[in-house]
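J.: show me how the following folds:
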Amino acid sequence: MEQLTKNVFAETKLRGCNPGYVVTSDGVVVIDTPQLPTYAIRMREECEAKGRIRYIINTEHHVDHIFGNYFFKSAEHVIAHEETRKLFMVVYPQINPYEYAKEAMPTDDPEGMPFFPDEETYFADPKRPDITITQDATLSVGDHTFILLHTPGHTPGQLAVHIPEERVAFVGDTIFNRCQTWLYTSNLEQWFRSLDRLLDLDVDLIVPGHGPVCTKKEIYVQRAFLLEWITAVATAVAKGWTKEECVANISFLDRFPCDIGQEYMGPEVTKNNVAALYDLLTAKR
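T.: Okay, the predicted model is just below:
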């Protein structure tokens with residue numbers, strides 16, 4: 001894993017979210033967990049070598065941020081927003097999170113196949129959040145402070161984790177850096193407000209949900225990309241295009257491909273993004 005500061009580590013080069021951990025004087029705090037078993041186990045062992053795992057903080061409910069919790073049974077507690085707890089591994093019409101995680105195994109983690117649990121075993125104890133919050137909260141662990149900011153938009157229970165002692169923030173999928181944004185189940189009005197909140201953070205580094213570690217500059221890039229998506233679909237609606245015409249003609253994959261290991265999802269993500277925005281922009285208020 002990449003060492004960002006003396007005590008902060010993150011992984012940005014594998015399929016799934018960007019998980020990380022912080023070493024404190026009283027144990028380790030993990031922020032999201034790897035989707036792929038081999039890397040989840042490796043990260044857990046790395047954390048355990050540095051101290052007991054006090055907490056996992058899940059920034060959202062999507063499978064790439066939470067599936068690896070299963071392999072962190074030694075963690076004392078899992079913290080998340082209550083909306084993340086409610087939506088933890090829920091099956092949607094668009095996606096079955098367990099099957100989505102399993103689908104990645106042959107291509108992205110074949111050596112992890114022996115460790116991948118069957119569905120019944122997994123759901124018996126997937127390591128769900130046992131501590132939930134409904135608003136901003138502060139967690140003190142040893143010599144470190146973890147400021148949990150409720151930043152809804154991408155998901156209802158979205159959290160950002162600011163570690164002021166390290167001048168680092170893990171912001172989850174509020175920022176997709178240099179890769180395609182998944183926005184079709186999102187609340188864009190909330191998302192813009194959450195991006196504004198991130199601008200107030202006094203940090204040197206931001207760990208996005210996907211893509212390379214970045215600075216606060218990428219907050220503006222993310223905002224601009226969301227606006228570009230809205231403008232493209234709104235312009236098409238104004239021209240009288242149907243939803244099908246919008247889906248067929250609007251894409252940003254040439255500039256922002258889907259993240260590592262999910263490139264094949266590009267057309268499907270684009271279709272869902274366009275369809276969701278079309279419905280939003282044509283709905284009667």
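
J.: helix, strand or coil: sort out A248 for me.
T.: helix (DSSP: H, G, I helix; E, B strand; the rest coil).

J.: the longest strand belonging to the chain: partners in the sheet, and parallel or antiparallel?
T.: The longest strand of the chain (DSSP state E) is strand 168-176. Its sheet considered, strand 168-176 pairs with strand 159-163 (antiparallel), strand 205-210 (parallel) by DSSP bridges.

J.: buried ones in whichever helix or strand comes after the longest one?
T.: Read it as strand 205-210. Sequence-wise, the next helix or strand downstream of strand 205-210 (DSSP states H and E) is helix 217-238. Of all the residues in helix 217-238, those buried under the rule 16 or more other Cβ atoms under 10 Å are 218-219, 222-223, 225-226, 229, 232-233, 236-237. Every C-beta, even on glycine, is put in place using the N, C-alpha and C of the backbone.

J.: would you list these in a markdown table and tack on distance to P267?
T.: Below are the buried residues of helix 217-238 laid out as a markdown table (distance: Cβ to Cβ, whole Å):
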| residue | distance to P267 |
| --- | --- |
| E218 | 25 |
| I219 | 28 |
| Q222 | 22 |
| R223 | 25 |
| F225 | 18 |
| L226 | 20 |
| W229 | 16 |
| A232 | 16 |
| V233 | 16 |
| A236 | 17 |
| V237 | 21 |
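
J.: which one among the residues you listed gets closest to S186?
T.: Among the buried residues of helix 217-238, L226 lies closest to S186 (Cβ to Cβ), at 9.0 Å.

J.: that closest one reaches W191, doesn't it?
T.: Yes. Between L226 and W191 there is a contact under Cβ atoms under 8 Å: 6.5 Å.

J.: now for these two: what residues contact both?
T.: The contact sets of L226 and W191 overlap at L183 (Cβ atoms under 8 Å, 6 or more residues apart in numbering).

J.: pLDDT below threshold where in the stretch 151-285 of the chain?
T.: 285 (pLDDT under 70).

J.: can you check the pLDDT for P93?
T.: P93 is assigned a predicted lDDT (pLDDT) of 76.

J.: so it: helix, strand or coil?
T.: At P93, secondary structure determined by three-state DSSP is coil.

J.: OK, contacts around it?
T.: Counted by Cβ under 8 Å, 6+ apart, P93 has zero contacts.

J.: quick one on the thing from earlier: tell me the two of the buried residues of helix 217-238 that are most distant?
T.: E218 and V237 (28.6 Å).

J.: ok, which stretches of this protein are helices?
T.: Taking DSSP state H, the helices of the chain run over residues 37-48, 63-66, 82-87, 97-103, 105-108, 119-124, 188-199, 217-238, 243-249, 266-282.

J.: closest one to T138 among those helices?
T.: Nearest to T138 among the helices of the chain is helix 188-199 (15.2 Å), distances taken as Cβ to Cβ.

J.: any idea how far Y39 is from E103?
T.: Distance, E103 to Y39, using Cβ to Cβ, to the nearest Å: 16 Å.

J.: these two: which has the busier surroundings?
T.: More neighbours surround Y39 than the other of E103 and Y39, with 22 against 11 (other Cβ atoms under 10 Å).

J.: what residue spans form the domains of this structure?
T.: What automatic domain parsing lists as the domains of the chain is 2-217, 225-282.

J.: start to end distance for the first one?
T.: It refers to domain 2-217. 21 Å (Cα to Cα, to the nearest Å).

J.: likewise stretch 3-20?
T.: Taking Cα to Cα, the first and last residues of stretch 3-20 lie 10 Å apart.

J.: deepest in the core, which of the domains of the chain is it.
T.: When you average the neighbours per residue for each of those (mean count of other Cβ atoms under 10 Å), domain 2-217 leads with a mean of 19.

J.: quick one: it to chain centroid distance?
T.: 6 Å (Cα atoms, centre = their mean, to the nearest Å).

J.: check stretch 236-245 too.
T.: Remark: stretch 236-245 is offset 31 Å from the chain centroid, using Cα atoms, centre = their mean.

J.: quick check: end-to-end length of that stretch?
T.: By Cα to Cα, the extent of stretch 236-245 from end to end equals 9 Å.

J.: same check on stretch 118-137?
T.: This stretch, stretch 118-137, spans 35 Å end to end (Cα to Cα).

J.: now swap in stretch 88-95 and tell me
T.: 13 Å.
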